[in-house]
Structure formats: C-alpha cells, structure tokens
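1. what's the 3D shape of this:
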Amino acid sequence: MADAALRLTALAQQLLGRPLPVRVRAWDGSESGPPGAPVLVIRNRRALRRLLWKPGELGLARAWVAGELDIEGDLYEALDLMAGLIWERPADAPGGLEVLRDPRARAAVADLLKLSGPWLPPAPPPEEVRRRSGPLHTRHRDKAAISHHYDVGNDFYELVLGPSMVYSCAYWEDAGTLEGAQRDKLDLVCRKLALKEGDRLLDVGCGWGSMAIHAAREYGAHVTGVTLSTEQAAYARKRIADEGLTDRVEIRVQDYRDVRDGPYDAISSIGMAEHVGSVRYREYADDLFALLRPGGRLLNHQIGRRPERDESAYEIDAFIDAYVFPDGELAPVGRTLAILEEAGFEARDVEALREHYALTLRQWVANLERGWGSAVKMVSPGRARVWRLYMAASALSFERNKIGVNQILAVRPETGGASRMPLRARAWKADATA
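-> This is a model prediction of the structure:
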C-alpha cells in the first residue's frame with residue numbers, strides 16, 4: 001500500500017507540534033495534506049536521510065539542491081507557508097536533543113528511520129562549499145568566497161540580471177521596468193555623490209562595470225573599479241572598451257585593502273560590504289576613510305538585518321553560507337552607521353530601499369524561470385536550483401521585514417568640520433526625473 005505521504009505528514013505533526021501547511025507527495029505516488037495547497041514533492045527517500053543526519057535548514061537545502069525535494073505550485077506561497085517551521089521558529093522552540101527527550105518524538109524519529117532506509121547519508125551536492133578552516137576574511141579566503149559566487153559564468157548572470165548587469169537592489173517607480181529601475185539606481189548613487197566632470201571615483205566591488213560605465217559616461221568621472229572576480233573584471237573591461245571609455249575607467253582585480261592611490265573625490269560601495277565581515281568592518285571603514293579627500297563622499301549600499309536581543313547569538317544562515325555567499329555576514333544598519341562614524345565619517349543621509357529589493361528579486365526569479373533550460377545548461381541543475389530558492393526566499397525576507405537594504409551617504413569632514421554638503425542635502429531628490 002502506498003502510504004508514505006500519510007505517514008510523513010503524521011510524523012511531521014508529531015515532531016513539529018502542528019500540521020504541515022503544505023501538501024506532500026512522496027516517492028511512492030501517495031499524497032497527504034491540505035487540498036489546494038502547494039505540494040512538497042519528495043522524489044526520493046534520500047531526502048529523509050539528509051534530514052535525519054542534518055536536521056533543519058541545511059538538510060532541507062541539500063535535498064533541494066540535489067533535486068530530491070521540489071515544489072509544485074506557487075514557490076513564494078510554499079516558502080511563506082513553511083517559513084514559521086524553518087526560518088522563523090521561536091528562539092525557545094525545542095529542537096535537536098531536547099526534542100528527543102519526548103518519547104513520542106523518539107518514536108517518530110524511529111519511524112522516519114524506517115521510511116528513509118538504513119543507509120548512511122548521501123554526500124553533499126557538489127555545489128556546496130567545502131568546509132573552510134582558519135581565520136575569517138583573510139585575503140585568500142575572501143577571494144575564494146567571491147570566486148564561488150561570481151565566477152560561475154557571465155552568461156548565467158546575463159540571463160538572471162538582464163541587460164543592466166547590475167547585481168544589487170534597483171530603484172523602482174510605479175510600472176517601471178527592471179532595466180529602467182537599475183539605471184535610476186545608478187543615477188541616484190551618482191547624484192548622492194555629487195559627481196561632476198573630472199572627479200575621481202573609486203567603485204569598491206565594481207561587479208560587471210555598470211556603475212563605473214554610468215559614472216564615466218553620464219557624469220564625466222574618472223573611475224577605478226576593483227573586484228576579486230576575474231570573470232567580472234574581464235567582462236567589465238570588454239564593456240568599457242565597447243563604450244569607448246578606456247581613458248576614463250580602469251578595472252582592477254584587487255582587494256579593497258590593497259588600494260593605495262588615493263585620494264578620491266568619491267567612493268561607491270554597492271552590495272559589497274556584506275562580504276566584509278564583522279571582524280574586518282572597522283578596517284574596511286578606516287581604509288575607505290583614508291582613501292577619500294577631505295570633503296569627499298561615500299555611498300555605502302548594504303543589506304542589513306534586524307538586530308538581535310543578544311547580538312552574540314547571531315548566526316550566519318546555513319543555506320546561504322553553504323551554497324550562496326560563503327562567510328557573508330549581515331549587520332544591523334545602526335551598527336554599520338556606528339562603525340563608519342567611529343572611523344571618522346559623518347553620516348548625512350540614510351535611505352531604506354527594502355521594498356525595492358523585493359521587487360528586484362522577483363524580477364530576477366522570473367528571468368531565471370523563463371530561461372530555466374538555458375540556465376541549467378550554463379551552470380548545473382543544482383546551482384540553478386540554489387539560485388531559484390535563494391532569490392525567492394530572499395524576496396520574502398525583504399517583504400516580511402526580516403532583512404532590509406540601506407543607502408548610507410557619509411562624508412569625510414574637513415579639518416575644521418566643514419562637510420561641503422548643501423544646506424538642503426537631499427537636492428538629488430528634486431532632479432530625480434530630470
């Protein structure tokens with residue numbers, strides 16, 4: 001009798017203390033759960049072994065990446081329904097060995113063992129980062145982490161990001177397009193930095209060169225872009241040559257800590273500081289401060305998380321760390337502001353763009369889904385699945401205010417304290433449609 005799904009939903013309710021909010025279809029064709037809900041498809045009992053040996057998010061992620069778990073129906077709805085069971089469980093919810101103190105839970109785990117088979121857990125999917133040892137955020141380790149995420153093929157990023165090749169939050173208006181919203185974001189950054197003809201701009205974490213090209217072409221700036229990704233640098237240099245901007249833009253494969261040719265009139269750091277890490281963030285702030293001339297401006301565009309009651313309890317997300325951004329860390333915006341000011345900056349403006357990132361991510365997911373067959377050929381089925389899950393879950397996190405993204409405009413004051421900022425500092429808003 002095909003009854004694996006019924007047994008699984010009953011066992012899940014025993015272990016979790018509440019029914020699964022999604023329908024389950026098991027490898028034997030059986031189904032159980034609320035009719036009309038998205039369907040969690042368990043294609044192979046190997047998925048259960050992964051969960052038994054690595055309970056929680058990482059076990060689920062491994063099964064998803066390996067194609068042993070899938071979702072039929074609306075992916076966003078399914079993730080939203082399951083968020084309370086996976087990502088948003090209360091801090092005092094029982095887990096691990098504490099759960100096994102309950103005889104009913106022990107019996108449920110024994111039943112899961114019978115369903116899963118007596119074999120050892122499968123090896124992690126090849127897309128998972130190998131465990132790293134040694135101190136965080138050394139130059140060598142940061143370069144390896146950046147390579148894991150960005151050196152997967154520029155054609156894949158073209159498919160996901162679209163023609164703008166901007167891998168950060170766009171700046172939307174009603175009924176706008178992704179390409180237009182990304183152009184507006186780049187222009188917003190340039191206006192906040194008050195770029196003008198001949199200014200020297202340092203673009204830290206320059207990606208595929210979009211910000212550098214926009215600043216040079218539209219504002220006449222001389223731009224130095226730095227990245228740790230060799231594939232990004234090669235792509236950016238070709239774009240710059242095609243635009244005829246080689247006399248205005250230089251792209252380097254270089255760690256930000258090794259830039260020594262300041263002073264610059266302005267610095268942009270867009271979606272890069274998430275890679276810096278808490279142990280290096282003050283060093284990052286000090287280095288950027290030293291590279292700016294007095295009166296120069298910094299635009300720091302960075303994802304932030306909600307603060308913890310006990311900040312020492314913060315843990316890097318297991319799925320993101322293993323498959324997406326190795327060693328990436330998020331900090332509350334208040335802590336980021338404090339460190340920038342400790343380094344000598346004066347914070348002049350903070351703009352929250354949380355909803356804008358949710359819209360951006362949904363567009364990237366739609367691009368990936370439309371080009372799914374091509375994406376799988378470009379990278380691998382597992383990596384394409386990583387990206388689909390990561391971007392869809394992130395969109396929901398922004399919508400639910402679990403994480404945000406902020407543009408911090410800061411200035412290096414002159415010796416006497418002058419900021420060289422206009423009295424109406426948000427002048428960039430007035431000409432937003434110009």
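2. Please enumerate the helices of the stretch 51-200 of the chain.
-> 57-65, 75-86, 103-116, 139-150, 154-161, 178-192 (DSSP state H, counting those that start in this stretch).
3. Need the ones you listed in JSON lines (columns: mean pLDDT).
-> Shown next, in JSON lines, are these (pLDDT from 0 to 100):
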{"stretch": "helix 57-65", "mean pLDDT": "94"}
{"stretch": "helix 75-86", "mean pLDDT": "89"}
{"stretch": "helix 103-116", "mean pLDDT": "76"}
{"stretch": "helix 139-150", "mean pLDDT": "83"}
{"stretch": "helix 154-161", "mean pLDDT": "96"}
{"stretch": "helix 178-192", "mean pLDDT": "98"}
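4. Ranking these by mean neighbour count, which comes first?
-> For those, the largest average neighbour count (mean count of other C-beta atoms under 10 Å) is found in helix 57-65, namely a mean of 23. Quick note: C-beta positions are derived from backbone N, CA and C, even for glycine.
5. Tabulate the CA atom coordinates of that one in PDB.
-> Coordinates of each C-alpha in helix 57-65 appear next as PDB, following Å, rounded to 0.1, in the frame of the first residue of the first chain:
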ATOM      1  CA  GLU A  57      17.700  24.100   7.100                       C
ATOM      2  CA  LEU A  58      20.900  22.600   5.800                       C
ATOM      3  CA  GLY A  59      19.400  19.100   5.400                       C
ATOM      4  CA  LEU A  60      16.500  20.600   3.500                       C
ATOM      5  CA  ALA A  61      18.800  22.700   1.400                       C
ATOM      6  CA  ARG A  62      20.900  19.600   0.400                       C
ATOM      7  CA  ALA A  63      17.800  17.700  -0.600                       C
ATOM      8  CA  TRP A  64      16.500  20.700  -2.600                       C
ATOM      9  CA  VAL A  65      19.800  21.300  -4.400                       C
END
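6. what's the angle between that helix and helix 75-86?
-> Helix 57-65 and helix 75-86 are oriented at 150 degrees to each other (axes from the mean of the first three to the mean of the last three C-alpha atoms, to 10 degrees).
7. Okay, now the unreliable bits of the chain?
-> 1, 86-105, 131-132, 425, 430-434 (pLDDT under 70).
8. Break down it into its strands, ranges please.
-> Secondary structure of the chain (DSSP state E): strands at 23-25, 31-32, 39-42, 69-72, 200-204, 222-227, 249-253, 264-270, 292-305, 346-352, 403-411.
9. and Val109, which of these is closest to it?
-> With C-beta to C-beta, the closest approach to Val109 among the strands of the chain belongs to strand 39-42: 16.9 Å.
10. Can I get that closest one in PDB? Just the C-alpha atoms.
-> Extracted C-alpha coordinates of strand 39-42, given in PDB (Å, rounded to 0.1, in the frame of the first residue of the first chain):
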ATOM      1  CA  VAL A  39       2.800  20.500  -3.000                       C
ATOM      2  CA  LEU A  40       6.100  19.500  -1.400                       C
ATOM      3  CA  VAL A  41       7.300  16.700  -3.700                       C
ATOM      4  CA  ILE A  42       9.700  14.200  -2.100                       C
END
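11. Need the contact partners of it.
-> For strand 39-42, the surrounding residues in contact (C-beta atoms under 8 Å, 6 or more residues apart in numbering) are 4-5, 8, 20, 22-27, 31, 33, 48, 68-73, 78.
12. Now mean neighbour count too, for the strands of the chain, in CSV please.
-> Output for those, formatted as CSV (neighbours: other C-beta atoms under 10 Å):
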stretch, mean neighbour count
strand 23-25, 21
strand 31-32, 17
strand 39-42, 21
strand 69-72, 18
strand 200-204, 26
strand 222-227, 24
strand 249-253, 19
strand 264-270, 25
strand 292-305, 22
strand 346-352, 15
strand 403-411, 22
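13. Adding distance to Val279 as columns, could you present these in JSON lines?
-> Putting these into JSON lines (distance: least, C-beta to C-beta, whole Å) gives the following:
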{"stretch": "strand 23-25", "distance to Val279": "42"}
{"stretch": "strand 31-32", "distance to Val279": "47"}
{"stretch": "strand 39-42", "distance to Val279": "38"}
{"stretch": "strand 69-72", "distance to Val279": "35"}
{"stretch": "strand 200-204", "distance to Val279": "18"}
{"stretch": "strand 222-227", "distance to Val279": "20"}
{"stretch": "strand 249-253", "distance to Val279": "23"}
{"stretch": "strand 264-270", "distance to Val279": "18"}
{"stretch": "strand 292-305", "distance to Val279": "16"}
{"stretch": "strand 346-352", "distance to Val279": "22"}
{"stretch": "strand 403-411", "distance to Val279": "20"}
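14. Can you check which of the ones you listed gets nearest to Phe319?
-> Nearest to Phe319 among these is strand 69-72 (12.7 Å), distances taken as C-beta to C-beta.
15. Mind listing the strands that closest one pairs with, and their directions?
-> Strand 69-72 has the following strand partners under DSSP bridges: strand 39-42 (antiparallel).
16. quick one: the strand it pairs with to chain centroid distance?
-> Computed by C-alpha atoms, centre = their mean, to the nearest Å, the separation of strand 39-42 from the middle of its chain amounts to 26 Å.
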